[in-house]
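# coords please:
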Amino acid sequence: MAIEYKTHAGDITPGMLEGFFAGWPDPPDCETHLRLLQQSSHVVLAVDTEEKRVIGFITAVSDGVLSAYIPLLEVLPELQGRGIGQTLVRRMIEKLGNLYMIDLCCDDGLVPFYEQQGMHRVNGMILRNYDRQSAGQ
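Predicted coordinates for the structure are as follows:
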């Protein structure tokens with residue numbers, strides 16, 4: 001497998017985004033997924049150039065001055081554990097390295113992964129509107 005890392009979604013099509021959001025009860029469809037990639041302040045994509053499909057992605061939203069938030073990091077389930085997620089996080093942190101703070105929220109089971117990427121555990125608060133999880137109308 002040949003992997004290319006891209007910092008834009010300009011040439012990505014919805015058909016290249018199959019298989020993400022595994023385990024979500026009401027996941028976004030591929031068209032919505034593409035929109036969220038295109039409208040994020042920053043994105044890094046891992047693309048399998050042989051199969052012409054996205055195999056991983058990370059997004060960030062930022063004010064471009066002091067702060068950024070990483071809402072999503074996903075690698076296709078069958079390709080996890082191969083360092084793709086680590087590379088996506090490293091590349092995103094490099095892109096955002098001029099900012100004061102880079103934050104994210106994660107489940108307890110993912111804390112060790114993010115600690116390995118140089119991040120630190122803190123308390124956080126969230127509000128979830130689960131009826132909007134798919135971003136449908």
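# which parts of the lengthiest helix in the chain are buried?
With secondary structure taken from DSSP state H, the chain has its longest helix at helix 84-95. Going by neighbour count (16 or more other C-beta atoms under 10 Å), the buried part of helix 84-95 is 84, 85, 87, 88, 89, 91, 92, 93, 95. C-beta coordinates here come from the backbone N, C-alpha and C atoms, glycine included.
# what ranges do the strands span in this structure?
With DSSP state E as the criterion, the chain has strands at 3-6, 42-48, 53-62, 67-75, 101-103.
# circling back to that earlier point, nearest to residue 6, of the buried residues of helix 84-95?
The shortest approach to residue 6 among the buried residues of helix 84-95 belongs to residue 91, at 10.0 Å (C-beta to C-beta).
# quick one, what contacts the closest one?
5, 7, 44, 58 (C-beta atoms under 8 Å, 6 or more residues apart in numbering).
# quick one: which of the residues you listed is most hemmed in?
residue 58 (26 neighbours; other C-beta atoms under 10 Å).
# just give the closest residue to residue 38, not the sequence neighbours.
residue 9 (5.1 Å; C-beta to C-beta, 6 or more residues apart in numbering).
# hang on, the earlier thing: please identify which of the strands of the chain is closest to residue 113.
Closest among the strands of the chain, once you apply C-beta to C-beta, is strand 67-75, at 9.1 Å.
# direction included, what does the closest one pair up with?
strand 53-62 (antiparallel), strand 101-103 (parallel) (DSSP bridges).
# so for it, mean pLDDT?
Looking at strand 67-75 alone, the average pLDDT works out to 97.
# show me what it is in contact with.
Counting by C-beta under 8 Å, 6+ apart, 20-21, 36, 41-42, 46, 55-62, 82, 84-85, 88-89, 92, 96, 99-104 sit against strand 67-75.
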